[in-house]
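Asker: generate coordinates for the sequence data below:
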Amino acid sequence: MRSFKPLVVVALLSCAAAGVRAQQQFTLLASIVDPATNASPEKIDAGELRVLEDGVTGKVLRVDAVDRVVKVQVLVDNGAGVGSESIADLRKGLRGLIETLPPGVETSIYTTAPQARPLVRPTSDRAALLKGVDLLTPDRTTGLFTESLGEAAQRATKEKEDVFTVIISAASSAGDNNVQDRDIQRAFDRIQSRPMIVHVLLYSGGPARASGGIVQTQVGLAVAKATGGRYENINTMSRYVSLMPELGAEVAKQMAGQTRQFRILAQRPDGKTGNLGGVSLGVTGKQVTGLTLERTNTK
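Answerer: Below is the predicted model of the structure:
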């Protein structure tokens, strides 16, 4: 596979921002929890934070709490990578996911074969979502993993600023053989442009498993890491059936109805010039579960 360089690639506690324009201030969006309660604190003081660029300490100028409404997009590979014989397990896993998501959370479901298209448009009606799952049918083509992910991120960029988007991609290792570098980069650019988390479940045990897989694996790992999401490579649909409701419960526990983030305005370390380097964040007594670069500020 050809190489690609996403603008921001984050581990749980760091983000690499190479390629960002040279500015002296930058803004981070951080998800922070208290390990004792697994809940976000009401507030964070600047003195509790430590922002570093390439291991050198910068200065935290301002911290603001931001509460966001959660919306969920589910992307489902219904193509040859899963196979018609697994469609019943696919439906069962999706039902388990929907039933464990927080009540009232707006959710949509999109199939990815032969192209990304809505199975259930955004709704908070759980009965409508479950009815939509029953209408899921297999397709002979392979799912479009990268394209559907990019389109999901594009939909998220059109949301209001107080929305946090959770994307759950139930994909397979088949397809995406001809994906272009620019399409991968465009997907990453969209993902990092707004607050969102991406979970990727990659099924590699289907009848078309010999086709593709490298792109999905690399992109799936990168976007999950970049957003603090979860990546799982699974070989049997029985694991998928149990994993989907497990993931739904995880989303419900962490983001029931709304999620709190902290917008952090930081000054680069003295002497730092040129493009922004690798940025990391530490919080006294708490855990950073997600970190993205929101924007740079000209100054």
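Asker: can you get me a residue count around Val219?
Answerer: 28 (other Cβ atoms under 10 Å). Quick note: C-beta positions are derived from backbone N, CA and C, even for glycine.
Asker: hmm, it is touching Thr146, no?
Answerer: Yes. Look at Val219 against Thr146 with Cβ atoms under 8 Å: they come within range, at 5.7 Å.
Asker: overlap of the contact sets of the two?
Answerer: 184, 187 (Cβ atoms under 8 Å, 6 or more residues apart in numbering).
Asker: quick one: contacts for the residue nearest to Asp89 when sequence neighbours are not counted?
Answerer: Leaving aside its chain neighbours, Asp89 sits nearest to Met237 (3.8 Å; criterion: Cβ to Cβ, 6 or more residues apart in numbering). Taking Cβ under 8 Å, 6+ apart as the criterion, Met237 is in contact with 82, 86, 89-90, 93, 203, 205.
Asker: phi, psi for Met237 please.
Answerer: Backbone torsions for Met237, taken as degrees, to the nearest 10, come to phi -70, psi -20.
Asker: now the helices for the stretch 101-250 of the chain?
Answerer: Applying DSSP state H, counting those that start in this stretch to the stretch 101-250 of the chain gives helices spanning 126-134, 145-157, 181-193, 214-227, 237-254.
Asker: immediately after the longest one, which helix or strand?
Answerer: Per DSSP states H and E, the first helix or strand lying C-terminal to helix 237-254 is strand 258-267.
Asker: quick one: the helix or strand hosting Val66 to helix 237-254, angle?
Answerer: Using DSSP H and E, Val66 falls within strand 59-76. Angle, strand 59-76 to helix 237-254, by axes from the mean of the first three to the mean of the last three Cα atoms, to 10 degrees: 140 degrees.
Asker: alpha carbons only: can I get the helix or strand following strand 59-76 in CSV?
Answerer: For strand 59-76, the following helix or strand on the C-terminal side (DSSP H and E) is helix 87-100. Output of helix 87-100 as CSV, limited to C-alpha atoms (Å, rounded to 0.1, in the frame of the first residue of the first chain):
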residue,chain,number,x,y,z
ILE,A,87,-26.1,-11.5,7.6
ALA,A,88,-28.1,-12.9,10.5
ASP,A,89,-25.1,-12.4,12.9
LEU,A,90,-24.6,-9.0,11.5
ARG,A,91,-28.2,-8.0,12.3
LYS,A,92,-27.9,-9.6,15.7
GLY,A,93,-24.8,-7.6,16.6
LEU,A,94,-26.3,-4.3,15.3
ARG,A,95,-29.4,-4.9,17.5
GLY,A,96,-27.2,-5.4,20.5
LEU,A,97,-25.4,-2.2,19.8
ILE,A,98,-28.6,-0.2,19.4
GLU,A,99,-30.2,-1.7,22.5
THR,A,100,-27.2,-0.7,24.6
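Asker: run the chain-centre distance for helix 87-100.
Answerer: What separates the centre of helix 87-100 from the centre of its chain is 20 Å, taken as Cα atoms, centre = their mean, to the nearest Å.
Asker: and that helix, what does it pack against?
Answerer: With contacts defined as 3 or more Cβ pairs under 8 Å, 6 or more residues apart in numbering; DSSP states H and E, the packing partners of helix 87-100 are strand 59-76, helix 126-134, strand 163-172, helix 237-254.
Asker: how much space between Val179 and Ala127?
Answerer: Going from Val179 to Ala127 by Cβ to Cβ, to the nearest Å gives 36 Å.
Asker: more neighbours: those two, which one.
Answerer: Under the criterion of other Cβ under 10 Å, the comparison of Val179 against Ala127 puts Val179 first, with 22 against 9.
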